[in-house]
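[1] What follows is a predicted structure for the sequence shown.
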Amino acid sequence: VNPSNHSFNWKYHYSFLFIAITVINILYPWDTSQEWYYFFYAIYYIWLGYILLSSWVVRSTLAKLFRKNSSMTNMEIWVVSIFIGNLIIWIAYNTTEYTSYIVGALSFSFVFYLLILLLIFTKKKDPGFMSRQVKYGNKKISEEEADLLLSQLKRLMRDKMLFKDSNLKLSDVAYQLKILPHTLSQLINDNLDKNFTLFINEYRIYFAKELIKQNTHLKLEAIGYDSGFNSKSAFYAAFKKITGMTPAQFKEKEAFSES
């Protein structure tokens, strides 16, 4: 999802709606006209139309909600939250005649404050998640350059096994590739459809699986540390997320297949 790709088109939408609202308010003032009864329905249908169009724009991101072992970037989580929030508010306002007139306002307030909390916590966890979208803007990495960088990145992971460093940071890998950190982040997000953490954890889990296969005497916790995880819980959570099973289940499955 890159909002900058659609910013020019949205200017026309905003301009049209602004002009329409201004003209309607001049011709049909709220306190003297009954036509507003019909305007309410028009507003709700236009609102629904934008929600449906938005669902098409972010369809690939929404699909990740139902795709097993699929992760979402902070920006994707933010976009999906706004979309779902709008949908909840629309449903609330359009069902008030069956519930209560205050349900719509309460739903709006709840979603609004929830989104503010999400924004605060996300920016605390990843301060640059908003600015990266602007920073990338039109500076899309060319296909040839992306292929070259991805080849170098995979070779770096394979030969130097940087993923075994539990304190590995995006900037460390970018330094090795001699590129800027935000370029590496963009490369992984746009070309591999995942974030840096998932990218590194996939290498760690692959390495851990090989250790489990070859070293049945090693404790699973030790394998997790050897693979680059800094805690048993992080190892188990990542293993389950990526493979769909726990390390113990994988070990048992391997032992069964060899017998």
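    Received it, and whenever you're ready, just let me know what you need.

[2] for the helix or strand where E210 lies, packing partners?
    Using DSSP states H and E, E210 maps to helix 196-214. Counting contacts by 3 or more C-beta pairs under 8 Å, 6 or more residues apart in numbering; DSSP states H and E, helix 196-214 packs against helix 181-192, helix 220-226, helix 232-243, helix 247-258. Every residue, glycine included, has its C-beta placed from N, CA and C.

[3] Now do the last one, average pLDDT.
    For helix 247-258, mean pLDDT is 83.

[4] do the third one as well
    For helix 232-243, mean pLDDT rounds to 92.

[5] same question, the second one
    Averaging pLDDT along helix 220-226 gives 93.

[6] Now do the buried residues in stretch 16-25.
    Buried residues in stretch 16-25, counted by 16 or more other C-beta atoms under 10 Å: I24.

[7] any idea how far it is from the chain center?
    With C-alpha atoms, centre = their mean, to the nearest Å as the basis, stretch 16-25 stands 35 Å off its chain's centre.

[8] Let's see it as PDB, backbone CA atoms only.
    Output in PDB follows, covering the C-alpha atoms of stretch 16-25 (Å, rounded to 0.1, in the frame of the first residue of the first chain):
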ATOM      1  CA  PHE A  16     -15.600  17.600  -5.900                       C
ATOM      2  CA  LEU A  17     -17.000  16.700  -2.400                       C
ATOM      3  CA  PHE A  18     -15.900  20.100  -1.000                       C
ATOM      4  CA  ILE A  19     -17.700  22.000  -3.800                       C
ATOM      5  CA  ALA A  20     -20.800  19.800  -3.500                       C
ATOM      6  CA  ILE A  21     -21.000  20.300   0.300                       C
ATOM      7  CA  THR A  22     -20.600  24.100  -0.100                       C
ATOM      8  CA  VAL A  23     -23.300  24.400  -2.800                       C
ATOM      9  CA  ILE A  24     -25.700  22.200  -0.900                       C
ATOM     10  CA  ASN A  25     -25.300  24.200   2.300                       C
END
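
[9] Pull the distance from stretch 195-215 to the chain's centre.
    Relative to its chain's centre, stretch 195-215 lies at 22 Å (C-alpha atoms, centre = their mean).
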